Every structure is written in structure tokens, then in C-alpha cells.
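1. any chance you could fold what I've pasted below:
(chains A and B)
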Amino acid sequence: TQLLKQSPQFLSIQEGENLTVYCNSSSVFSSLQWYRQEPGEGPVLLVTVVTGGEVKKLKRLTFQFGDARKDSSLHITAAQPGDTGLYLCAGPRDSNYQLIWGAGTKLIIKP
Amino acid sequence: EAGVVQSPRYKIIEKKQPVAFWCNPISGHNTLYWYLQNLGQGPELLIRYENEEAVDDSQLPKDRFSAERLKGVDSTLKIQPAELGDSAVYLCASSAGLGTDTQYFGPGTRLTVL
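-> Okay, the predicted model is just below:
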């Protein structure tokens, strides 16, 4: 069974701090996607990582795909209140085109 | 370009009542998804359409849930009768193609069943 486990489930930090959240699986994924969801809105795609070991940067956000393509991390530098939201990772199921979703990390950045 | 449109944004009903949600995907997107999202959880796929054909509805509780996508554009998701446990956010998403194509989500409909 392909599952994605995200940690921590909840994180509350002060503005300006750095943080890392994780998306782990015992299964290999061909790619992983990271989404951010703000209250009252649907998830919005931030990035897709495809190659093992790949690192992608989106301003202060750094995404890394594990060498074995079983895990991914999201690092935020100098977090800002605008980074507050639910961060979700998702990957395609082997057998069909359905995305498997993690439960998300709820991030709160306090001013 | 307009995004995915959903209505209503909020719905409060008594249990055993019917309810319907509407979704208008991004123009030209052939694939449409309905998801259920409980508080603090990731989305769970209910049904996926390719044009007007439901190609993955294995997780749709067919005893009370139904969906349609007439003419392969707009879609409606219905629950009849609603139960207390159906309280959740119902998200609609669309993508141009399959697999890892970017899914664009609507804002969702928050359903509360009393």
C-alpha cells in the first residue's frame, strides 16, 4: 500500500525562524508534489519534484526529493506570516493516475 | 483566465436532507475530480471524470452519493440522504490531462450536516 506520512502534523513558530517539514513513504514514487492550502481555499501546487536527489527553490522555499524517491522535504528560510497554511504532499499511485495525499502539516507563523 | 468555480461555498442542512454541489472546471480541462477533505486532513478522491466518463469512482459511496458531468464540462455531486458524517469540505479540481498534470482546485464547499 502506498502511503505518504507528513511530519510534523502541526508547527507554530515565530516570524523569521527557519523550519523543515517532511513527507515520507516506504514506497518509491515517480514524482512528488507539494501544495499549500490556505483557510477557505483549495490546495495550490507549489512544485513537482521528479528526479531522485533533486532540489528546487521557490524564493525562500527549498524542496528536496530523496535519492531513493521515497521522501521529500520542504525547508522555509526566514518564515513570514504569509507562509501560514496547510502544506500537503502528493504523489501518483502506481496502478492508476490517482494522486495519493499526505495528511498535511499545518504551519502557523506568528508575527 | 477564470479558475475552478464551485457553488455554494457553504451549506448547512439537516440530516436526511439532500444536497448538491456544482463545479465549473477551467475551460478546456478534460479531467475533473471531486474530493472530500476532512479538517486537518488531505483530500480524498471521490470520483474522477475524463470528459463525461467517470473513469474512477471506486471510492464514491454509491448508496447515497451520485455525480454527473453532462457534456463533459460542468459537474454536479449529490448526496441523498445526507448523514452527520458527511460534514466536510467538498473540493472540485480539474486538469488538462492525466497523471501528474497539475490539478487546479476550486475553493470548495463546506458542508455542515446537523
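2. show the average pLDDT along the helix or strand encompassing residue A:106.
-> Assigned by DSSP states H and E, residue A:106 belongs to strand A:105-110. Strand A:105-110 carries an average pLDDT of 96.
3. strands paired with that strand, and their directions?
-> Here strand A:105-110 has these sheet partners by DSSP bridges: strand A:10-14 (parallel), strand A:85-92 (antiparallel).
4. okay if I get those strands as TSV plus mean neighbour count and mean pLDDT?
-> Bear in mind the C-beta positions are built from the backbone N, C-alpha and C, glycine included. As requested, those are exported to TSV (neighbours: other CB atoms under 10 Å in any protein chain shown; pLDDT from 0 to 100):
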stretch	mean neighbour count	mean pLDDT
strand A:10-14	13	97
strand A:85-92	24	94
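5. need those in TSV with distance to residue B:86, can you?
-> Putting those into TSV (distance: least, CB to CB, whole Å) gives the following:
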stretch	distance to residue B:86
strand A:10-14	25
strand A:85-92	21
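6. least trustworthy helix or strand in the chain by mean pLDDT?
-> If you meant another chain, say so; for now it's chain A. Ranked by mean pLDDT, DSSP states H and E, the weakest helix or strand in chain A is strand A:99-101, scoring a mean of 90.
7. chain B, not that one
-> For chain B, judged by mean pLDDT, DSSP H and E, that is strand B:53-56, with a mean of 88.
8. now for that strand, which elements pack on it?
-> Counting contacts by 3 or more CB pairs under 8 Å, 6 or more residues apart in numbering or on different chains; DSSP states H and E, strand B:53-56 is packed against strand B:44-50.
9. what's next to the strand it packs on, contact-wise?
-> A:97-99, A:101, B:30-38, B:54-57, B:59-60, B:65, B:67, B:69, B:72, B:75, B:77, B:98 (CB atoms under 8 Å, 6 or more residues apart in numbering or on different chains).
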